[in-house]
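J.: structure, please.
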Amino acid sequence: MATLQESSETRSPIGRDTVRVDGPSKVTGAAQYTSDFHFRGMLYAVPVGATIANGRLTKLDIGAAGKMPGVRAILHRGNIGKIYRSTPQTGYSGICEERRPPFEDDVIRYYGQYVALAVAETFETAKAAADAVRATYAAEKPNVEPHLVADDEPDEVMTTFGPQKRLESQRGDPDTAFREAPVKLDQTYVTPFETHNPLEPHSTTAFWQGDMLTLYESSQAVVNLRSVLAQMFGLPVEDVRVITKFVGSGFGSKLWPWTVCPLAAAAARQCGSPVRLVLPRKMMFHAVGHRPLTQQRVRIGATQDGKLVSLEHDYLYTRSMLDAHHEDCGESTHLQYSVPNLRVTFGRAKRHIGGGADMRGPGRVPGLYATESAMNELAYQLGIDPVELRIRNEPKIDEGNRIPFSSRHLLECFHAGSEKFGWSKRNPAVGSMKRDGLILGWGMAGCSWMAARFEAAANVQLRDDGTCRVACATQDIGTGTYTILAQLASARTGVPLDKVEVELGDSSLPEGPISGGSCATASVVNAVLEAADQAIGSLKMIAVLTPGSAFANRKPDDLKFEEGRLFLNQDGEASRVPFTDLLRRANLRLVTGNGRATATMGDPKPKLSMQSFGCHFAEVTWQPEIARLRVSRVVTVIDAGRIINPLAGRNQIQGAVVMGIGMALFEHTEYEPEKGAPINSSLADYLVAVNADAPAVEVHFLDYPDKELNQLGARGIGEIGLVGIAAAITDAVHHATGVRVRKLPVRIEDLLG
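T.: Got it, this is the predicted structure:
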């Protein structure tokens, strides 16, 4: 007979494939996204973007636009009203990539910068009015040059998250070690501008009730957005409410506020009515972020038997004339492999483009593309299997910070991935492997991602009808956060999943984490479990104090709670009483508990290096007769602690791998050199991987709970699946074609050269 503990663990939803609790509302259309909320008297706004990338706005003719029937306002610098600049607050609050309020001056710094806003009674009228606004400019030639040379900047620069030393990491004497190394590799790798293209464009619906501002927003961080908007409109933070029930993805572009948000709020203030602003797809390429272009030089010195003796990673990236986004390509360089002599530096190059932003896997995705590609090239140069090369350089500790890893099982990832993929059958000779008349290419790469917690709070209610409510002011951006919170609450309280109500996406709830850095799940675990425990503690107190209760006059510590029932320690199952019975006897509708988790993110002196690790093995097919290249198979193994929902977890990694195929083979934003406009600013011209490009993706998770991070040992997985996959694909391309591509995306003309 199973023990109580075994029974509880067997029934727990933690670690089980769990269908998303919000799935039915999405597939039936009941889920409401930002532009689905309608309000009486709602107006529609359409921005007017600059048609130059560098210069000044000299004249704005709004006469014809303002006279159109149904137009309520044409807002511009002269009439928009006061909008303040915001500043960063303590913790991850008050973060904003473009600090300049809309219309603050007449200087044009990038193509599409907003110069006016048309507000009308219908979207069609607002669009027509925006098109009728005539702007005159004193234009100068913009700088959108893709080749990068570092700007002359001090050794320490200011970034979105604070000051950053341009010498990121150093140990030993890398220059001497490289010069004296028996084997040397010195290559430069380039990743292009990439534009976030979530299915749901950026959208805001704003309205005022006196001095209270409410925003329905497509946001990955409702609490942060509240703090930024409160500053911009000079309001107490409690007078701003942000609601984000569902997000049609964001990939990082919706982490921090962009100028469309205060524009909608200002228009609602000016017109005295709710205002909805949904960006047209073309404008998504202008002023709501992108992954910066990077240019990375990697120099490796090694012995003949493949031991690294030096590693230098010097990278450059683009930034706009306004923003301070830091694309931290060197974030994992110091810890990925063991090397006694290392230096990581960065430089920035200003361009007349919109602000850079976090894009799924910021920093490490382009950074590990470069360093993992270099490791693959070094393996080929040495004649050593690339898996074996990595194994020979496995570190015992985080050598950059000189601290132990909380958990690191990368070698097991390599071994498992090799076995699952069949790597032992690989013939390393270029073009030597064939199947069904196609040339096969096999490649691999390692990957890693940080593991951390943001500060988080949660509330759990247990109700007399047997239901449970869990609430947190985080948001679900499509990654399954609704389901995760339901699983956590169900596991602790014993309430079945279908009776757990999850409230997210409202800044009036207990403050929750941003949906970024793959940290949301890891952040909420302790908060939700503590809140549930507090509610259970209240139940125990009620049980011993309520007259007529089976536990009257006992001590709370005498009671245990499992599967939604209370019982005495010594009596076991015989005395089990459902919590619903206790609440009804006490004439209580519910008990509630609050939980809070502290942050590890930003700890200046961590005692442990908390990271997730993994690897990708990729197969491509090459048909030179018709120049056809396809990714045909991928095997990925991830060490990310305890996986709370393996079904959603595999989906996350599979989606990231498909996005990585887009990074390797398709995605790039090109800017026209004369006017600085993004040329391929539509989904017809900006190519992303689609169903026809998606191969079989096999995902395996190791199971090593990392309880240094939270009670369940769960780490985030939203981004690690994208890290390294492009390097695995380009290595496979080289194996099939003999062409080593170092500038993404891979182009057919590269392979035909």
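
J.: next SSE downstream of the worst-scoring helix or strand of the chain on mean pLDDT?
T.: Least confident helix or strand of the chain, by mean pLDDT, DSSP states H and E, is helix 4-11 with a mean of 46. Per DSSP states H and E, helix 4-11 leads on to helix 23-27 as the next helix or strand towards the C-terminus.

J.: what mean pLDDT does that next one have?
T.: Average pLDDT, helix 23-27: 95.

J.: which parts of that helix are buried?
T.: Buried residues in helix 23-27, defined by neighbour count with 16 or more other C-beta atoms under 10 Å: none. C-beta: built from backbone N, CA, C; applies to glycine.

J.: now do it: everything it contacts.
T.: Applying C-beta atoms under 8 Å, 6 or more residues apart in numbering, the contact partners of helix 23-27 are 20, 30-31, 246.

J.: for residue 465, see how far away residue 631 is.
T.: 51 Å (C-beta to C-beta, to the nearest Å).

J.: which one's more surrounded, the two?
T.: The residue with more neighbours, out of residue 631 and residue 465, is residue 631; 27 against 10, by other C-beta atoms under 10 Å.

J.: tell me which residues form a beta bridge with that one?
T.: Taking DSSP bridges as the rule, residue 631 bridges to residue 620.

J.: what helices or strands is the longest helix anywhere in the chain leaning on?
T.: In the chain, assigned by DSSP state H, the helix with the most residues is helix 520-545. Counting contacts by 3 or more C-beta pairs under 8 Å, 6 or more residues apart in numbering; DSSP states H and E, helix 520-545 is packed against strand 456-463, strand 468-471, helix 481-493, strand 559-562, strand 565-568, helix 579-585, strand 590-597.

J.: residue 344 belongs to a helix?
T.: No: checked against DSSP: H, G, I helix; E, B strand; the rest coil, residue 344 lies outside a helix; its state is strand.

J.: quickly note the distance from the closest residue to it other than its chain neighbours to residue 154.
T.: Nearest residue to residue 344 in three dimensions, chain neighbours excluded: residue 330, at 3.8 Å (C-beta to C-beta, 6 or more residues apart in numbering). According to C-beta to C-beta, residue 330 stands 18 Å off from residue 154.

J.: higher neighbour count, these two?
T.: Regarding residue 330 and residue 154, a neighbour count based on other C-beta under 10 Å identifies residue 330 as having more, with 24 against 8.

J.: that one: what's it in contact with?
T.: Applying C-beta under 8 Å, 6+ apart to residue 330 gives the contacts 168-169, 313, 315, 344-346, 363, 367.

J.: so it, which state does it fall into?
T.: coil.

J.: quick check, nearest of the contacts of helix 23-27 to residue 524?
T.: For those, the minimum distance to residue 524 (C-beta to C-beta) is 16.3 Å, reached by residue 20.

J.: so how far is the longest helix of the chain off the chain centroid?
T.: 29 Å (C-alpha atoms, centre = their mean, to the nearest Å).

J.: next, the buried residues of that helix.
T.: Of the residues in helix 520-545, 520-536, 538-540, 542-544 count as buried by neighbour count, 16+ other C-beta under 10 Å.

J.: re earlier: so of the contacts of residue 330, which two are at opposite extremes in space?
T.: 345 and 363 (14.2 Å).

J.: looking at these two, which is more packed in?
T.: The residue with more neighbours, out of residue 345 and residue 363, is residue 363; 23 against 19, by other C-beta under 10 Å.

J.: which residue packs closest to that one, ignoring adjacent ones?
T.: The nearest residue in space to residue 363 (C-beta to C-beta, 6+ apart) is residue 328, at 3.5 Å.

J.: tell me the spacing between the one you found and residue 195.
T.: Distance of residue 328 to residue 195, computed by C-beta to C-beta: 20 Å.

J.: and those two? Which one has more around it.
T.: Taking neighbours as other C-beta under 10 Å, residue 328 and residue 195 compare with residue 195 leading, 25 against 21.

J.: pLDDT at the more buried one, what is it?
T.: Looking at residue 195, the pLDDT reads 98.

J.: buried ones in stretch 603-622?
T.: Quick answer for stretch 603-622 (16+ other C-beta under 10 Å): 608-622.

J.: sketch out the low-pLDDT regions of the stretch 601-750 of the chain for me.
T.: Across the stretch 601-750 of the chain, nothing is flagged by pLDDT under 70.
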